[in-house]
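Engineer: Here is a sequence together with a model predicted from it:
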Amino acid sequence: QLVENFYRSTCPNVESIVRQAVTNKLTQTITTIASTLRLFLHDCFVEGCDGSVLIASPNGDAEKDAPDNLSLAGDGFDTVIKAKQSVESVCPGVVSCADILALAARDVVVLAGGPSFNVELGRRDGLVSQASRVAGNLPSPDFNLNQLNALFSRHNLNQIDMIALSGAHTVGFSHCNRFSNRLYSSRVDPTLDPSFAQELMGTCPRNPDPNVVAALDPQTPTGFDNLYYQNLVAGRGLLTSDQVLFTDGASKSTVIDFANNPGNFNGAFAAAMRKLGRVGVKTGNQGQIRRDCTRFN
Ligand code: HEM
Ligand SMILES: [Ca+2]
Ligand SMILES: [Ca+2]
């Protein structure tokens, strides 16, 4: 359905225009990397990769207003909005917001030192964005391996894809409340390295300021590398859903492979991102090409 070079005659420079806009945004704030990458997941897993997450509603009932999306950082939205504005000034009404998000998600990975890959294009923007349709479609940080596999397989993503995509947690941050149950239940989560647990208790006390965050990969939080998997092997995965990939014997060997062979991780990540970009896409004359990514035409 989707093809590389979809815009070769209608907007031949779209890739360089988007890359330039993402690069500009990145020089202003490093959080562009993680926020844009996460936004792509949250778009694709709800209504498909169709820009539905970008819609703003005056009534506060759009997808972005759903509880699961409230921690999406504003810089990801801003990246897409800015890139769309640059694209519109050259090729008005031609390139979908969904495609711009897919390109921007690839670009931040490359700019952070990760693998490059070609992005298939031709997505149309969706006409539905409802907060009430989010619950149950996004992974929860306390999911076990079966729950992760079940959710990802609904979108044609297998366990290797799921493990590779989890490697996105090589960049960015999590608020304390997403993992504090690992620190403050009846005992500290035994799969957590004790010294890492101590560090986290320092960052996240029992009743932390709701704005406090901890890095998902404390060693290189802005670098796209395979240290995420090395952390998991060392018991230093931040979320339960991260650490379980190493703890569960059914996924452990893939984690060890990615920890030892960055090339294997990079290849699997690039392949899985292309698959993620195909989830639930609208093509042809479905949906529309939004002019403003935050509203329907
Ligand atoms: C495997 C299941 C996954 C779970 C349970 C999960 C869960 C989470 C949670 C709870 C956070 C912290 C949010 C916050 O408190 O601000 C987070 C952050 C993040 N997630 Fe995931 N995620 C998963 C998979 C993915 C995938 C597939 C991607 C992208 C391909 C991704 C990209 C990110 C990024 C980049 C961040 C950091 C965001 C930032 O710093 O602004 N995650 N994730
Ligand atoms: Ca969507
Ligand atoms: Ca990293």
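Structural biologist: It's in. Ligands and ions are numbered 1, 2, ... in the order given.
Engineer: Flag every residue of the chain that's near ligand 3.
Structural biologist: Within the chain, the positions near ligand 3 by Cβ under 5 Å from the ion are 170, 217, 220, 223, 225, 227. Using the backbone N, CA and C atoms, a C-beta is placed for each residue, glycine as well.
Engineer: can you redo the residues you listed as CSV with pLDDT, secondary structure and distance to Glu63?
Structural biologist: What follows is the residues of the chain next to ligand 3, written out as CSV (pLDDT from 0 to 100; DSSP: H, G, I helix; E, B strand; the rest coil; distance: Cβ to Cβ, whole Å):
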residue, pLDDT, secondary structure, distance to Glu63
Thr170, 98, helix, 26
Asp217, 98, coil, 27
Thr220, 98, coil, 31
Gly223, 98, coil, 30
Asp225, 98, coil, 31
Leu227, 98, helix, 32
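Engineer: Report the closest residue of this structure relative to ligand 1.
Structural biologist: Scanning the chain for the residue nearest ligand 1 gives Gly172, at 2.4 Å (criterion: Cβ to the nearest ligand atom).
Engineer: neighbours around the closest residue to ligand 2 within the stretch 1-150 of the chain, how many?
Structural biologist: Residue nearest to ligand 2 within the stretch 1-150 of the chain (Cβ to the ion): Ser52, separated by 3.5 Å. Residues within reach of Ser52, counting by other Cβ atoms under 10 Å, total 27.
Engineer: Also Arg133?
Structural biologist: Arg133: 14 neighbours (other Cβ under 10 Å).
Engineer: Output the longest helix belonging to this structure.
Structural biologist: In the chain, assigned by DSSP state H, the helix with the most residues is helix 74-90.
Engineer: Restricted to buried residues, select the residues of the chain next to ligand 3 in PyMOL.
Structural biologist: Restricted to buried positions by 16 or more other Cβ atoms under 10 Å, the PyMOL selection for those reads:
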select buried, resi 170+217+220+225+227
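Engineer: Tabulate the residues of the chain next to ligand 3 in a markdown table, adding columns for distance to ligand 2.
Structural biologist: Formatted as a markdown table, the residues of the chain next to ligand 3 follow (distance: Cβ to the ion, whole Å):
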| residue | distance to ligand 2 |
| --- | --- |
| Thr170 | 24 |
| Asp217 | 26 |
| Thr220 | 29 |
| Gly223 | 28 |
| Asp225 | 28 |
| Leu227 | 30 |
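Engineer: Output the residues of the chain next to ligand 3 as TSV; include the columns distance to Lys64.
Structural biologist: As requested, these are exported to TSV (distance: Cβ to Cβ, whole Å):
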residue	distance to Lys64
Thr170	25
Asp217	26
Thr220	29
Gly223	28
Asp225	30
Leu227	30
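Engineer: What ranges does the stretch 1-150 of the chain have for its helices?
Structural biologist: Counting by DSSP state H, counting those that start in this stretch, the stretch 1-150 of the chain has helices at residues 14-28, 32-44, 74-90, 97-111, 145-153.
Engineer: what does the stretch 151-297 of the chain give?
Structural biologist: Remark: helices assigned in the stretch 151-297 of the chain by DSSP H, counting those that start in this stretch are 159-166, 181-184, 194-203, 227-233, 240-247, 252-260, 262-276.
Engineer: Check whether the second one comes near ligand 1.
Structural biologist: No - residues of helix 181-184 are not located near ligand 1 by Cβ under 6 Å from any ligand atom, the shortest gap being 11.9 Å.
Engineer: same thing with stretch 112-122?
Structural biologist: No - residues of stretch 112-122 contacting ligand 1 under Cβ under 6 Å from any ligand atom: none, with a closest distance of 9.9 Å.
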